[in-house]
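> I'll drop the sequence and a predicted model, then ask my questions.
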Amino acid sequence: MRDFLTERAKQLKPSGIRKYFDIVETLPDAISLGVGEPDFVTPWDIRSAGIRSLQKGYTSYTGNRGLSELRGLISRYLSERFGVQYAPDRIIVTVGASEGIDLALRTTSEAGDEVLLPHPAYVSYAPIVSLCGGVPVPVRCSAENGFILTPEAIEAAASPRTKALILAYPNNPTGGVMTREQLQAIVPVIEKYDLLVVSDEIYAELTYGGAHCSFASLPDMKERTVLLSGFSKAFAMTGWRIGYACAPAALDAAMLKVHQYTMLCAPRIAQHAAVAALSGGFADGFSSVAQMRAEYDRRRRFLVGAFNDMGLTCFEPRGAFYAFPCVAATGLTGEQFAERLLREEQVAVVPGNAFGACGGAHVRCSYATGMDELREAVARIARFVEKLRKNS
């Protein structure tokens, strides 16, 4: 019988994150700092809206774009929170922001097209580019400049074949953010190479010490931007799988066609829950989001301080809920550090090379977990680091 697998499928590497989670499940005393998932339960008013939708029998498909009420609220939310105007009929409700990434790349990437990725980068970007026939090209970002994209770095990576840039701020895994001024600084090189910008803003609500700036809000950038976001991180709704995509007219129409044939629509129950998330928030200033953000901020400061006290230099993340300490001082690579830490102290972190080769001396640690677990994890990591220091 013939080999039915495509070369793309054969060459696709498993996620550099998941194998550690599989091991954690076999260790009853393990603490995981690996999962990028809020430890908060979805707020009750959002859950109850989902329950009510079931009780009322709202279990059918919605239109392909999603509920008109939800799209209207998303339109208002983007305008009031981030100064970006999208009409409800230019918004696609997606199955998480992840579907939006796939839609954006599937409708724009052809064989040989290069897509620039800020590195370290979220693990899904490069594989999706490759599955769409494109060529992922890393753009190196460093802790010295806050893991931001600079015009010089984009210029060094771009070529006549470059078609798009994935912009992912606040950033996973580094926690880096870009200010309006820093985003404005990369506009000339984006225009020079006539690039599409796929802006993944799923962590927009989770910034510390400053408000998020949406790239589409910059002058003349909306028409070359696909804005992607969702409810998973800010509203603790990861399992609901609900996001949205906003794009220029021609791209929007193409993305909608792919969405029609692949997903048809996002889950109706989740859409009703998302309506509750937004409609309640306008009245109280999104207080539940603010409370979660304040708690993440407390954990952020604790974890970053602890790593620096251990001698593991840690850039101060200004967004998302990850710390990205450098473990080079231990004499181990990030992968060696993660494997030994899990085996010897039963703490799971993600090796930095899962996010690109330039992350090889780092590990990613999520602080989306309770303070008690975080304190215990820090105590175990400190013990592990001290043992390495004594044995060196």
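Ah, there it is. Numbers count the residues shown, from 1 in each chain.
> can you give me the strands in the stretch 1-150 of the chain?
With DSSP state E, counting those that start in this stretch as the criterion, the stretch 1-150 of the chain has strands at 31-32, 91-94, 114-119, 135-140.
> again with the stretch 251-392 of the chain
So, for the stretch 251-392 of the chain - with DSSP E, counting those that start in this stretch - the strands run 322-323, 347-348, 350-351, 363-366.
> What is the neighbour count of the spatially closest residue to residue 132 that is not a sequence neighbour?
Closest residue to residue 132 apart from its sequence neighbours, by CB to CB, 6 or more residues apart in numbering: residue 109 at 4.0 Å. C-beta here means a position set from N, CA and C on the backbone, and glycine is covered the same way. Other residues lying near residue 109 total 23 when counted by other CB atoms under 10 Å.
> Wait, residue 109 touches residue 136, no?
No - under the criterion of CB atoms under 8 Å, residue 109 is not in contact with residue 136, lying 9.7 Å apart.
> Which residues are in contact with each of these two?
The contact sets of residue 109 and residue 136 overlap at 115, 129 (CB atoms under 8 Å, 6 or more residues apart in numbering).
> and the protein, what are its domains?
7-42+288-391, 46-284 (automatic domain parsing).
> of the ones you listed, which approaches residue 1 most closely?
Closest to residue 1 of these, according to CB to CB: domain 7-42+288-391, at 16.3 Å.
> what about the closest one, start to end distance?
Start-to-end span of domain 7-42+288-391 (CA to CA, to the nearest Å) is 45 Å.
> first vs last residue of stretch 190-198, how far apart are they?
12 Å.
> Can you lay out the domains of the chain as JSON lines showing mean pLDDT and distance to residue 1?
Formatted as JSON lines, those follow (pLDDT from 0 to 100; distance: least, CB to CB, whole Å):
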{"stretch": "domain 7-42+288-391", "mean pLDDT": "92", "distance to residue 1": "16"}
{"stretch": "domain 46-284", "mean pLDDT": "96", "distance to residue 1": "25"}
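> just to revisit the earlier point, any figure for the gap between the residue nearest to residue 132 and residue 120?
Residue 109 is 21 Å from residue 120, where distance means CB to CB, to the nearest Å.
> Which one of the strands of the stretch 251-392 of the chain lies nearest to residue 59?
Nearest to residue 59, of the strands of the stretch 251-392 of the chain and by CB to CB, is strand 363-366 at 33.8 Å.
> Show me which residues of that closest one are buried.
By 16 or more other CB atoms under 10 Å, the buried positions in strand 363-366 come out as 363, 364, 365, 366.
> Restrict stretch 66-80 to CA atoms and write it as PDB.
Listed next in PDB are the C-alpha coordinates belonging to stretch 66-80 (Å, rounded to 0.1, in the frame of the first residue of the first chain):
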ATOM      1  CA  GLY A  66     -21.400  34.600  14.100                       C
ATOM      2  CA  LEU A  67     -24.200  36.200  16.100                       C
ATOM      3  CA  SER A  68     -25.000  39.700  15.000                       C
ATOM      4  CA  GLU A  69     -25.300  40.800  18.700                       C
ATOM      5  CA  LEU A  70     -21.800  39.500  19.500                       C
ATOM      6  CA  ARG A  71     -20.300  41.100  16.400                       C
ATOM      7  CA  GLY A  72     -21.900  44.400  17.400                       C
ATOM      8  CA  LEU A  73     -20.400  44.200  20.900                       C
ATOM      9  CA  ILE A  74     -16.900  43.300  19.500                       C
ATOM     10  CA  SER A  75     -17.100  46.300  17.200                       C
ATOM     11  CA  ARG A  76     -17.900  48.600  20.100                       C
ATOM     12  CA  TYR A  77     -15.300  46.900  22.300                       C
ATOM     13  CA  LEU A  78     -12.500  47.400  19.700                       C
ATOM     14  CA  SER A  79     -13.500  51.000  19.200                       C
ATOM     15  CA  GLU A  80     -13.800  52.000  22.900                       C
END
